[in-house]
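Here is my input; please provide its structure:
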Amino acid sequence: MQVISLPSRITPWLGCLSQVQKLFNNVDEQDLKVVIDFSELTWINAELCPFLGNNIRSLQKRNFKVLFRNQRGNVEQVLNQNNFNNSLLRGNHHTEDKFDTSIPFIELQADSIENINFYIENELFRKIDSEFNLSNDIRQQISDAIFEVADNTKTHSQSDQLIMCGQFYPKKGRLSFTICDDGIGIPENVNSIEQIYSNTENRVDSRLINWATKSGNSTKISNIPRGLGLAGIMDSMKRLGELTIISNNGFWKLTSSNSILLKSMEHEFQGTLIKLDFLLKPDAETMIITPNIDSFNF
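Here you go, the predicted model:
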């Protein structure tokens with residue numbers, strides 16, 4: 001038996017996510033029993049549960065038996081009330097979400113349009129509608145951004161499974177929502193088709209993600225018209241908040257000031273994680289009113 005001891009905090013910061021990824025990447029393939037120890041974990045951003053879930057499902061697909069131990073306090077409460085424990089453990093681990101701010105952890109087929117739409121309307125927008133009166137235009141943009149991520153998974157990742165989860169922060173006026181898949185990853189897909197880097201040792205995955213976010217760039221093979229892709233998602237998020245993409249060894253972020261941050265993940269994430277941070281009111285944390293296009297900093 002081997003133990004993955006989670007750190008004290010799991011937050012969206014690059015160093016933290018890379019540290020957790022290292023723990024999963026370093027498992028011994030000869031020992032097929034893994035215990036995930038939560039004893040040190042005192043905080044997790046609930047919208048990052050797909051990051052953990054994606055790694056756990058990856059172990060299970062490789063025939064590992066995964067067990068949890070020492071969940072306590074707020075962490076256990078969060079993971080019970082957002083359906084993370086119910087999805088990944090046997091038995092009933094549900095805790096009532098008294099504040100009704102959790103957007104449940106769910107695993108869906110990428111082409112399950114009706115199920116995704118039901119989830120968006122009945123879980124995501126129901127939470128927002130209790131606090132904010134969003135315009136139909138903003139609602140449509142949020143919905144379109146999520147469907148675009150699902151379509152990109154189905155079209156490019158060679159994975160048919162999505163893991164989704166979110167957290168609504170009413171006082172901050174922020175909705176954070178994450179979608180993961182366990183496919184080949186954006187950098188691998190882009191480079192295999194476009195051959196931007198002939199030497200894989202020199203490959204910079206954040207730059208390959210950046211290439212995929214540019215208007216007109218696409219790795220689709222057929223001529224069948226599809227959605228706007230990552231470029232369309234980025235354009236929407238310039239108006240709505242922040243966008244983070246982690247894939248393979250790449251970390252890419254569109255900030256609320258419309259700057260692009262490119263970094264490298266020291267430890268590879270298998271698949272793609274896309275985190276959408278919707279800033280729902282002018283005084284939301286880190287919110288900057290939609291700027292003139294001339295102020296974009298690339």
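
all helices for the stretch 1-150 of the chain, in order.
Taking DSSP state H, counting those that start in this stretch as the test, the helices found in the stretch 1-150 of the chain are 14-25, 49-61, 73-81, 84-88, 113-119, 125-129, 136-156.

Output the below-cut-off pLDDT ranges for this structure.
218-228, 282-298 (pLDDT under 70).

Geometric centre of it: which residue is closest?
Closest residue to the average C-alpha location of the chain: residue 178 at 3.2 Å, with C-alpha atoms, centre = their mean.

For it, give the beta-bridge partners.
residue 165, residue 275 (DSSP bridges).

Spit out the contact partners of it.
47-51, 164-166, 273-276 (C-beta atoms under 8 Å, 6 or more residues apart in numbering). Every C-beta, even on glycine, is put in place using the N, C-alpha and C of the backbone.

thinking again about what came up before, is it possible to export the helices of the stretch 1-150 of the chain to TSV including distance to residue 240?
Below are the helices of the stretch 1-150 of the chain laid out as TSV (distance: least, C-beta to C-beta, whole Å):
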stretch	distance to residue 240
helix 14-25	22
helix 49-61	20
helix 73-81	25
helix 84-88	26
helix 113-119	18
helix 125-129	12
helix 136-156	6
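
now these as a markdown table including mean neighbour count and distance to residue 200?
Shown next, in a markdown table, are these (neighbours: other C-beta atoms under 10 Å; distance: least, C-beta to C-beta, whole Å):
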| stretch | mean neighbour count | distance to residue 200 |
| --- | --- | --- |
| helix 14-25 | 17 | 18 |
| helix 49-61 | 21 | 21 |
| helix 73-81 | 18 | 37 |
| helix 84-88 | 20 | 33 |
| helix 113-119 | 14 | 34 |
| helix 125-129 | 16 | 42 |
| helix 136-156 | 19 | 19 |
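
roughly how far apart are residue 73 and residue 80?
11 Å (C-beta to C-beta, to the nearest Å).

scratch that, residue 231
For residue 231 relative to residue 80 (C-beta to C-beta), the value is 38 Å.

one step back: wait, which of the helices of the stretch 1-150 of the chain is closest to residue 171?
Using C-beta to C-beta as the measure, helix 125-129 is the one of those that comes nearest residue 171, at 13.5 Å.

Could you verify that residue 272 is part of a strand?
Yes. Looking at residue 272 with DSSP: H, G, I helix; E, B strand; the rest coil, it is inside a strand.

Contact partners for it?
By C-beta under 8 Å, 6+ apart, the residues touching residue 272 are 153, 157, 180-181, 183, 185-186, 245-247.
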